[in-house]
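Chemist: what follows is a predicted protein model with its sequence.
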Amino acid sequence: RTLRALDYAILVVGANDGVQGHTETLWRLLARYDIPTFIYINKIDLENPGRDALLAQLGQRLSGGCLEAGELSVATLSRMVAERKLFPCFAGSALKDQGVDELLDGICALMREQAWCPEFAARVYRVSRGDRGERLAWVKVTGGTLHAKQVINGRSGAEAWEQKVDQVRIYNGEKYELAQEVAAGGICA
């Protein structure tokens, strides 16, 4: 369910392990939910079959759209990434901070800003309980703005419902900050 909240994904593949069964499972899920994906080949500093062999394996087992380099404009590359026709591949060693800047620069250059509708809309992707037993709905705001104390309504099958948003929490690990509002594209509880 969490995948439905993503705009883009980074699929990490171990250079020493290559594409595994769980990698292919994640790839199918990303395809099912139509999530544009960047690939980071990690642990390139460890013994591995080599960059060319790894890229060939990605192309064979995941998609022919795993290309390391090309001669297309940034706008064309960005469009192709958003359409899941191209999957930019980066390599490095996250532990040694190698290749991470290139990955981040590539993501910044190739991600497209999403256009959100002006009316409030959100997708609940998880429900949990807080420290005091309160129910937390984890949401991706997909339109407009979510405000604290806002009354929202929705539909679950044929049943309509209405709830008041008590708090809007922005989490960072286990800690959170209260917010008065979260705009479209934001994730909160």
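Modeler: Nice, I can see it.
Chemist: got the end-to-end distance for stretch 133-148?
Modeler: Terminal residues of stretch 133-148 lie 19 Å apart, using Cα to Cα, to the nearest Å.
Chemist: so which bits of that stretch are buried?
Modeler: Residues of stretch 133-148 classed as buried by neighbour count (16 or more other Cβ atoms under 10 Å): L136, W138, V139, K140, V141, T142, G143, G144, L146, A148. Backbone N, C-alpha and C define where each C-beta goes, glycine included.
Chemist: span of stretch 4-16 from start to end?
Modeler: OK, stretch 4-16 end separation, Cα to Cα: 30 Å.
Chemist: check which residues of it are buried.
Modeler: Buried, per 16+ other Cβ under 10 Å, within stretch 4-16: A5, L6, Y8, A9, L11, V13, G14, A15.
Chemist: for that stretch, what is the distance to the chain centroid?
Modeler: Centroid displacement of stretch 4-16 relative to its chain, using Cα atoms, centre = their mean, to the nearest Å, is 7 Å.
Chemist: which other residues reach that stretch?
Modeler: Residues outside stretch 4-16 that contact it (Cβ atoms under 8 Å, 6 or more residues apart in numbering): 3, 19-20, 23, 26-27, 30, 33, 35-44, 46-48, 54, 58, 81, 91, 94, 103, 107, 111, 114, 123, 125, 138, 140, 185, 187.
Chemist: buried subset of the residues you listed?
Modeler: Neighbour counting by 16+ other Cβ under 10 Å classes 19, 23, 26-27, 30, 35-44, 48, 54, 58, 81, 91, 103, 107, 125, 138, 140, 187 among the contacts of stretch 4-16 as buried.
Chemist: just the ones of the residues you listed in strands?
Modeler: T37, F38, I39, Y40, I41, N42, A91, Y125, W138, K140, I187 (DSSP state E).
Chemist: farthest-apart pair in those residues, please.
Modeler: Across these, the longest distance by Cβ to Cβ is 32.5 Å; it joins A91 and W138.
Chemist: now, which of the ones in strands among the buried ones among the contacts of stretch 4-16 sits nearest E174?
Modeler: W138 (14.0 Å).
Chemist: which residues touch that closest one?
Modeler: A5, V124, Y125, R126, V127, S128, I187, C188, A189.
Chemist: look up phi and psi at L86.
Modeler: phi -140, psi 140 (degrees, to the nearest 10).
Chemist: report pLDDT for it.
Modeler: We note a pLDDT of 92 for L86 in this prediction.
Chemist: my guess is it contacts G59. True?
Modeler: No - L86 is beyond contact range of G59, at 11.8 Å (criterion: Cβ atoms under 8 Å).
Chemist: name the strands paired with the helix or strand in which V127 is found and say parallel or antiparallel.
Modeler: Here V127, judged by DSSP states H and E, is contained in strand 121-129. Here strand 121-129 has these sheet partners by DSSP bridges: strand 135-143 (antiparallel).
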